[in-house]
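Trainee: have a look; sequence and predicted model below, questions after that.
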Amino acid sequence: MLITQKLLDHLAHLSRIELTNDESVGFVKDLNTIFKHFKDLEVVDVTNIEPIIGGAGFKNIFRTDTVSLSS
C-alpha cells in the first residue's frame, strides 16, 4: 500500500487532526517506510514455524484468591 499526500490528508480529516505541511511530508515518508518493512516480511518463509501463543509459556505463579470473613 502506498500512502499518498491525498490519502494522508483524508485520514487526518477523518481523525480530526490538523497537520502542518512539514508534518504531512514526514508522515507520508515514515508511513511508506513502515509499509515497506511489512512488504519485506511477506517474503519470509514461515511454513514450518509454530505460532507463539501466550508469550513465554509461564503458568499462573500467583496464589489463588480465597474469601476470608475475619474481622
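Mentor: Right, received. Where do you want to start?

Trainee: quick check, distance from stretch 18-31 to the centre of its chain.
Mentor: When distances are taken as C-alpha atoms, centre = their mean, to the nearest Å, stretch 18-31 is centred 19 Å away from the chain's centroid.

Trainee: buried residues in it, which are they?
Mentor: Of the residues in stretch 18-31, 19, 27-28, 31 count as buried by neighbour count, 16 or more other C-beta atoms under 10 Å. (Each C-beta comes from the backbone N, C-alpha and C, glycine too.)

Trainee: and of those residues, the nearest to T4?
Mentor: Minimum distance to T4 across the buried residues of stretch 18-31 is 7.2 Å, recorded for V28 (C-beta to C-beta).

Trainee: on the three-state scheme, that closest one is what?
Mentor: Secondary structure state of V28, per DSSP: H, G, I helix; E, B strand; the rest coil, is helix.

Trainee: which residues touch it?
Mentor: The neighbours of V28, taking C-beta atoms under 8 Å, 6 or more residues apart in numbering as the test, are 3-5, 8.

Trainee: give me the buried entries from those residues.
Mentor: For these, a neighbour count by 16+ other C-beta under 10 Å gives the buried set as 3, 8.

Trainee: farthest-apart pair in the contacts of V28, please.
Mentor: The span of the contacts of V28, defined through C-beta to C-beta, is set by I3 and Q5 at 8.4 Å.

Trainee: how about the helices in this structure?
Mentor: In the chain, the segments counted as helices under DSSP state H are 5-15, 21-41.

Trainee: mind listing residues that contact the first one?
Mentor: Outside of helix 5-15, the residues that reach it under the criterion C-beta under 8 Å, 6+ apart are 18-19, 24-25, 27-28, 31.

Trainee: which parts of it are buried?
Mentor: Neighbour-count burial for helix 5-15, counted by 16+ other C-beta under 10 Å, picks out L8.

Trainee: where does this protein dip in pLDDT?
Mentor: Per-residue confidence of the chain (counting by pLDDT under 70) places the weak regions at 54-57, 71.
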